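Chemist: generate a structure from the sequence data that follows.
(one chain, ligands or ions: 1)
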Amino acid sequence: MVGVVIGALPPSLCAASLCGTLLPTVRSVNTSEEPDVRASLDRPAVDETALQEQFDATIAAGHRIEPRDWMPEGYRKTLIRQIAQHAHSEIIGMQPEGDWLLAAPSLRRKAILLAKVQDEAGHGLYLYSAAETLGADRADLTDKLIEGRQKYSSIFTYPTLTYADVGVIGWLVDGAAICNQVPLCRSSFGPYARAMIRVCKEESFHQRQGYELLMTMMRGTDEQRAMVQDAVDRWWWPSLMMFGPPDTDSPNSAQSMAWGIKRHSNDELRQRFVDMTVPQAEFLGVTLPDPELSLDAATGRYRFGAIDWDELTRVISGGGPCSVERTARRRAARDDNAWVTEAATEYARKHS
Ligand code: FAQ
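Modeler: Down below sits the predicted model:
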């Protein structure tokens, strides 16, 4: 006998339907000792070569792969890896700014920050939903994050020391996220690409609110201007690391680009971010902490100094300044709220 349990909380369904990627998040469970023979009975014999050719042709034509389409196992695994890491980044990324919610300097700033942090939660939900369309289980992904078996963006292991950090995260971190994620709106996997469209619109608002906060502080006192400069000094290099290792040391890029998951290499996007950001820094009146930063007149692009790749390796391996704290907090959120999951699952079971 085969029963069905709901494998996710209602929010996942809401998020999935919002981004048009609704697939029922149900897991088939064999509740008897009998072997589950449905799979072999339902499926006609398939010609893997023809399926692979059809997949390749879809990618070559720039069309989308959808969850029910056949896909190579490597493509599915790569997508789950990247989308899960992306989702984890959005959720862990709520913490550094969330730390300032109770200390925002005015009601207006608090309302803006609250809306932003809630947006990041929404992004995480869209992304977990996209991963679920590939057969991943959300609870399992969360466990992998907490146990250090899946990554989240290096940037969120750094602490937010002053309120200027909130502005700098909006300007630089959301700015880097936009550079990275706008091309993902054309990613070959439909649910991921569609989720990115809404995410990018919201990131764009986030970047503007950060820049507006910094502009306000720069028009303020010497102390406020010093706070902004200090925050820029601390966040500039970690923002450049968000784009990942250099192309020469990026094991996943070539295949991900061949599959149309990534559209540009890590270095290309990093350069685009620098070119976009330097004029914004000049307008703001801050100095970027890189004495080698200079405009190459021949290419119209900015040259920049060497990135400390050892730092990125250390942070990615769990050695970031707040790595332990970030994961511990996520673990506590999972454990403290387990009763909600259990209640919702039981409710769904009774009504299925
Ligand atoms: N941090 O071969 P590659 C945001 C890992 S969302 C940690 O180059 P790939 C919004 C990489 O996963 C920010 N790990 O890998 C927000 C791989 O590990 P694995 C997140 C990193 O996938 C704003 C290994 O190193 N955005 O900011 C990092 O081709 C404000 C080798 O690297 C996304 O996730 C790193 N920086 O390229 C929220 C965008 N870099 O799995 C709150 C989607 C690399 O082999 C507040 N993701 N690694 O063990 C991507 O575009 C890609 O996954 C890259 C990495 C570009 C991040």
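Chemist: quick one: the helices in the stretch 251-352 of the chain?
Modeler: Taking DSSP state H, counting those that start in this stretch to define them, one finds helices in the stretch 251-352 of the chain at 253-258, 266-284, 309-314, 323-336, 338-351.
Chemist: out of those helices, deepest packed?
Modeler: Across the helices of the stretch 251-352 of the chain, the average number of neighbours (mean count of other Cβ atoms under 10 Å) peaks for helix 266-284, which reaches a mean of 18. For every residue, glycine as well, the C-beta is placed using N, CA and C.
Chemist: which residues make contact with it from outside it?
Modeler: Helix 266-284 is contacted from outside by 171-172, 175-176, 179-180, 183, 211, 214-215, 218, 228, 232, 239-240, 243-247, 250, 253, 264, 287-288, 293, 295, 300-302, 304, using Cβ atoms under 8 Å, 6 or more residues apart in numbering.
Chemist: in the chain, what residue is nearest the ligand?
Modeler: Nearest to the ligand, among the residues of the chain, is G93, at 2.7 Å (Cβ to the nearest ligand atom).
Chemist: which residues touch the nearest residue to that residue once chain neighbours are set aside?
Modeler: Among residues not flanking G93 along the chain, F156 sits closest, at 4.8 Å (Cβ to Cβ, 6 or more residues apart in numbering). By Cβ under 8 Å, 6+ apart, the contact set of F156 is S89, I92, G93, Q95, P96, C322, R326.
Chemist: the residues you listed: which two are farthest apart?
Modeler: By the measure Cβ to Cβ, S89 and C322 form the most distant pair in the contacts of F156, at 14.0 Å.
Chemist: so between those two, which is more surrounded?
Modeler: Comparing S89 with C322 by other Cβ atoms under 10 Å, the one with more neighbours is S89, at 22 against 19.
Chemist: quick one, longest helix in the protein?
Modeler: Assignment by DSSP state H gives helix 190-218 as the longest helix of the chain.
Chemist: distance between it and the chain's centre?
Modeler: 13 Å (Cα atoms, centre = their mean, to the nearest Å).
Chemist: give me the helices and strands touching that helix, please.
Modeler: Applying 3 or more Cβ pairs under 8 Å, 6 or more residues apart in numbering; DSSP states H and E, we find helix 190-218 packed against helix 107-132, helix 164-168, helix 174-181, helix 222-241, helix 266-284.
Chemist: for that helix, buried residues please.
Modeler: The neighbour-count check on helix 190-218 (16 or more other Cβ atoms under 10 Å) flags 190-196, 198-200, 202-203, 206-207, 209-211, 213-215, 217-218 as buried.
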